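Trainee: got a structure for you, letters missing:
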């Protein structure tokens, strides 16, 4: 009888600990919601469950000290979001040469974003800053997402000084 009560007390303590850990939220869950806290891409390891082909591999990048919200504010309209269906928003933009943009995966799936033949692996709800430049201007850069080609276009223009 004492052993049964001990097991019941241990189970109740565990449940109370989980409840306390969740801040008293009645919706107890042992998994986190990835949409609440975006992930910074920049790790040198491939995310668990994410497979890359030999020609496409995640490229390590320096992680930013800025939060996701700060990066969104900093890059403003120089951001392309990709949804669950790999649709780019905006689908077209004009930028000056050597401009940095924020690639933003708003999907719960890993996405491979291609811009002008260069591929960038984004984890679910991940993002990455890339700098776009070309020696020959003006130039239209094609944007792809996974197997979807022509999901967007970026027109690079020359930096004209004196204006």
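Mentor: Done, it's in. All figures in this text were calculated on a predicted structure; none of them were measured in a lab.

Trainee: name the residues of the longest helix belonging to the chain that are buried.
Mentor: Longest helix in the chain, counting residues (DSSP state H): helix 2-21. By neighbour count with 16 or more other CB atoms under 10 Å, helix 2-21 contains no buried residues. Every residue, glycine included, has its C-beta placed from N, CA and C.

Trainee: show me how the chain divides into domains.
Mentor: Listed domain ranges for the chain are 1-30, 32-157 (source: automatic domain parsing).

Trainee: considering those, which stretch scores lowest in mean pLDDT?
Mentor: Among the domains of the chain, domain 1-30 carries the lowest mean pLDDT, a mean of 66.

Trainee: mind listing what the helix or strand hosting residue 93 pairs with, with the direction of each?
Mentor: If you go by DSSP states H and E, residue 93 is part of strand 92-96. Here strand 92-96 has these sheet partners by DSSP bridges: strand 148-157 (parallel).

Trainee: residues making contact with the partner strand?
Mentor: With contact meaning CB atoms under 8 Å, 6 or more residues apart in numbering, strand 148-157 is reached by 80, 82, 85-88, 90-97, 99, 101, 115, 132-134, 137-145.

Trainee: in strands only, show me those residues.
Mentor: The strands, defined by DSSP state E, take in 80, 82, 88, 92-96, 99, 101, 115, 132, 139-145 from the contacts of strand 148-157.

Trainee: give me the element residue 109 is part of.
Mentor: With secondary structure defined by DSSP H and E, residue 109 is part of neither a helix nor a strand.

Trainee: can you get me a residue count around residue 70?
Mentor: Residue 70 has 11 neighbouring residues, counting by other CB atoms under 10 Å.

Trainee: same deal with the one 5 residues further on?
Mentor: Other residues lying near residue 75 total 18 when counted by other CB under 10 Å.

Trainee: then residue 135?
Mentor: If we define neighbours as other CB under 10 Å, then residue 135 has 6 of them.

Trainee: what sits closest to residue 77 if chain neighbours are left out?
Mentor: Nearest residue to residue 77, sequence neighbours excluded (CB to CB, 6 or more residues apart in numbering): residue 93, at 7.5 Å.

Trainee: noted, bye for now.
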